[in-house]
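Chemist: Structure, please.
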Amino acid sequence: MKNLQYLALGFIVVCMGAGILIAKWMIPDLAWSAVAAGIGGTVAGVGLVAAAAKIREIKKRDHVPDVDERTWNNMKNFYAIALYFVLIGSMAVVIVLVGLGHETIELGAISLYLLFLFMVLAIGSFIVKRA
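Modeler: Below is the predicted model of the structure:
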């Protein structure tokens, strides 16, 4: 099973590297340093995740699960409710903006909105997991 995990991680790195190289061929002006940074970042990110999983496995020898069924159900319910709030809230924002006469939305505003959503979901996840 461990070999399958390492094979999957290697497959992810190879596929992301191939995607970055395809992007380089599609965008000729893209600097090779950006390609190297993308591939290096991919390898470093996968390596950090694998190292953290290995350290957690070494520290934990009693085979007690990280989350029990009650916590899992609470997380599932939180994300289900959060999904509806995000969908309804986003639609309300769009309706208000269209009602005010806006025809376009800036990418900066969308990125700030997504950043806010991810922060709220992350904080909510930690709260639900601790409760």
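Chemist: Show the average pLDDT along the lengthiest helix in the chain.
Modeler: Using DSSP state H to define each element, the chain has its longest helix at helix 69-99. The pLDDT scores in helix 69-99 average 91.
Chemist: Give the other helices and strands that whatever helix or strand comes next after that helix contacts.
Modeler: Going down the chain from helix 69-99, the next helix or strand is helix 107-130, by DSSP states H and E. Secondary-structure packing of helix 107-130 (3 or more Cβ pairs under 8 Å, 6 or more residues apart in numbering; DSSP states H and E): helix 69-99. For glycine as for every other residue, the C-beta is placed from the backbone atoms N, C-alpha and C.
Chemist: what comes into contact with stretch 95-113?
Modeler: With contact meaning Cβ atoms under 8 Å, 6 or more residues apart in numbering, stretch 95-113 is reached by Val93.
Chemist: Many thanks, I have nothing further to ask.
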